[in-house]
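>>> need a structure here:
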Amino acid sequence: MAKKKLKNNGIFFTGKSSEDVTGSQYLVKFGNTQCLLECGLHQSGSNDYLDSYKINSEKFQFKPKELDYVFVAHTHIDHCGLIPRLVKEGFTGKIIATDNTAKIMKPLLLNSCMIIQDEARVLSKRYKREYKPLYDEKDVYKTLDLIEVYDEYNTVYRLNDNISFQWLHNSHCLGAAQLQLIMRDSSSSKKVLYTSDMGALHSNNHYVTDTEIPDMFNDVVIMESTYGESKRTSKKKRSYDIKHLETAINTVIERKGTVIFPCFSFSRTQELLTNLYDIYGVQKDFCTPIFVDSKLSCDISKLYHSLLHDSDLKKWQTVCEWDNVHFIEEKDESKKCIANDTSKIIISSSGFCTNGRVVGYLKKYIKDINSMIIFSGYVGDNPSYLSYRIKNYRDNKFIKINGELIPNKVDCITLSTFSSHANCDDLVKYGSSLNTNKVVLVHGSKEAKKCLSSKMAEAISKNDKTYRVIESYRGMIIRL
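Here you go, the predicted model:
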């Protein structure tokens, strides 16, 4: 993006999320203030780290040292995982977040740093040249020192003469928010709403508050479109998935198999564990052990005790004190658990099965017809994801894991209602109920944005409204 184009007020679509579902980053310039709406890592679905390394190493289209604020609407790594590189390259401004987001950023960024350093080591060895890590622990701790917490929702905070903001409720994950920027200078005022990743309008997940549809006017709305395709609308209800889950687990236990949940460490692990307690916690004869096997999952599960309050905290404490639950932090204990052939339930990261301890369980159990893998949400949309290949077993009779070709015989089901993203129907309802001049769709594939744009335009017309729906692309500029 030419430097001269960055001179005037506007929203600059600088990140990969303008054309993909990862790497969120949007520059907002107004008056004498420059804000970045998140700064996330691009995350590839494959184990070929070079593509992601090249993208995440690209020169920023702005000068980090000239940024005044970075807003973090939630703490998933594809939304905050590149901030330490900003700090490494000169950013010294304020990082704005809710209290829960700020606290969860520490273990997630430190874990991301460890992965980044390991991937750089692998690349250096593979290609016989030095690949420097994007950042190190020192940069992470500098990043954490720059965080300022603003914790009240629906409360306008003034940051300087140009910029005020408020958080709006978002059920995507614990601590998540939508962001409204309120901008003024001597000649004009503008309002921009950024949804970040959106959770359901009526969430079935524990520990979160439903996503709200704002009724105030915004000149521009930047809206996610991850599940914008029609196929991302499920008629199933959570009650159906819960019953399906119970039946599946009972079947596997009866045939003395093992149930494996490939699972994201933050939010999904805690949600699944809570649902397992809701199903089996009152069943006195249920004695199958449940292992949460991931250092990061264990760290975040501990952190939940200081993040939750009142009835949510009491619920989580009860779940963690359940005799069936065991948290595995050390690798040696994980190896022993994998080697143990007794029937059990495993919750282990990562959710896409690209790395982490879950790979060890998969290597052992995908050939076991008595066991089952249960996915809880999105599994990737192409064969570069191991999760996709396991799920689509008809086209993947054998799967290579750590160099070994293994028969793919394990049972596999997917629980679609556990996704933390709003589905297509919710996106259409939200996007057609706004008070704005234009909605810009981001964080989705071309197909998802095209489908959602069409559906929203039809719904907007039915609601007797006339605002535009725009499909984003990288390098796009919306002038303010």
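>>> can you give me the strands in the stretch 101-250 of the chain?
When secondary structure is read from DSSP state E, counting those that start in this stretch, the stretch 101-250 of the chain shows strands at 147-149, 157-158, 163-169, 177-184, 189-194, 218-224.
>>> got any ranges where the stretch 351-480 of the chain has weak pLDDT?
Where the stretch 351-480 of the chain drops to pLDDT under 70, the residues are 380.
>>> all strands for it, in order.
Listed in chain order, the strands of the stretch 351-480 of the chain (DSSP E, counting those that start in this stretch) span 372-375, 398-401, 404-407, 411-414, 436-442, 468-471, 477-479.
>>> possible to save the ones you listed as a markdown table with mean neighbour count and distance to residue 319?
Heads up, the C-betas are built off the backbone N, CA and C, glycines and all. Compiled in a markdown table, the strands of the stretch 351-480 of the chain are given as follows (neighbours: other CB atoms under 10 Å; distance: least, CB to CB, whole Å):
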| stretch | mean neighbour count | distance to residue 319 |
| --- | --- | --- |
| strand 372-375 | 24 | 18 |
| strand 398-401 | 15 | 31 |
| strand 404-407 | 12 | 33 |
| strand 411-414 | 17 | 23 |
| strand 436-442 | 21 | 35 |
| strand 468-471 | 18 | 41 |
| strand 477-479 | 14 | 44 |
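>>> any idea which of the strands of the stretch 101-250 of the chain is most buried?
With neighbours taken as mean count of other CB atoms under 10 Å, the strands of the stretch 101-250 of the chain reach their highest mean count in strand 218-224, at a mean of 25.
>>> and that one, C-alpha only, in CSV?
Coordinates of each C-alpha in strand 218-224 appear next as CSV, following Å, rounded to 0.1, in the frame of the first residue of the first chain:
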residue,chain,number,x,y,z
ASN,A,218,-22.3,3.7,12.8
ASP,A,219,-20.9,5.1,9.6
VAL,A,220,-19.1,1.9,8.9
VAL,A,221,-19.5,-1.6,10.3
ILE,A,222,-16.6,-4.1,9.9
MET,A,223,-18.2,-7.5,10.3
GLU,A,224,-16.9,-11.1,10.3
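>>> what lies in contact with that strand?
Outside strand 218-224, the residues that touch it by CB atoms under 8 Å, 6 or more residues apart in numbering are 11, 26, 37, 180, 190-198, 421-422, 427, 430-431, 434-444, 478, 480.
>>> can you redo the strands of the stretch 101-250 of the chain as CSV, where the extra columns are mean pLDDT and distance to residue 282?
Compiled in CSV, the strands of the stretch 101-250 of the chain are given as follows (pLDDT from 0 to 100; distance: least, CB to CB, whole Å):
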stretch, mean pLDDT, distance to residue 282
strand 147-149, 98, 38
strand 157-158, 98, 44
strand 163-169, 98, 31
strand 177-184, 97, 35
strand 189-194, 97, 42
strand 218-224, 98, 38
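>>> can you pull the contacts of residue 368?
Residue 368 makes contact with 257-258, 409-410, according to CB under 8 Å, 6+ apart.
>>> who wins on neighbours among those?
Ranked by neighbour count (other CB atoms under 10 Å), the contacts of residue 368 have residue 258 at the top, with 26 neighbours.
>>> I'd say that one and residue 345 touch.
Yes: counting by CB atoms under 8 Å, residue 258 does reach residue 345; the two are 7.4 Å apart.
>>> and the helix or strand hosting residue 269, how far out from the chain's middle?
The secondary structure element spanning residue 269 is helix 268-280 (assigned by DSSP states H and E). Once both centres are worked out by CA atoms, centre = their mean, to the nearest Å, helix 268-280 turns out to sit 19 Å from its chain's centre.
>>> check stretch 181-191 too.
31 Å.
>>> quick one: contacts for the spatially closest residue to residue 376 that is not a sequence neighbour?
Counting by CB to CB, 6 or more residues apart in numbering, residue 418 is the residue found nearest to residue 376 once chain neighbours are left out, at 3.9 Å. Residue 418 is in contact with 205, 241, 268, 271-272, 376-377, counting by CB under 8 Å, 6+ apart.
>>> cool, residue 41 as well?
Listed by CB under 8 Å, 6+ apart, the contact set of residue 41 reads 22-23, 52, 56, 77-78, 81-82, 112.
>>> likewise residue 464?
Contact analysis of residue 464 by CB under 8 Å, 6+ apart lists nothing.
>>> who wins for most neighbours among the contacts of residue 41?
For the contacts of residue 41, neighbours were counted by other CB under 10 Å; the highest total belongs to residue 81, with 30 neighbours.
>>> which phi and psi does that one have?
As for residue 81, its main-chain torsions (degrees, to the nearest 10) stand at phi -70, psi -10.
>>> so it makes contact with residue 109?
Yes: using CB under 8 Å, residue 81 is in contact with residue 109, at 6.9 Å.
>>> how about the helices in the stretch 51-200 of the chain?
Across the stretch 51-200 of the chain, reading from the start of the chain, the helices by DSSP state H, counting those that start in this stretch fall at 77-80, 83-88, 99-127, 137-145.
>>> residue 322 is nearest to which of those?
Judged by CB to CB, the one of the helices of the stretch 51-200 of the chain that comes nearest to residue 322 is helix 99-127, at 22.9 Å.
>>> how about that closest one: buried residues?
The neighbour-count check on helix 99-127 (16 or more other CB atoms under 10 Å) flags 100-113, 115-117, 119-120, 123 as buried.
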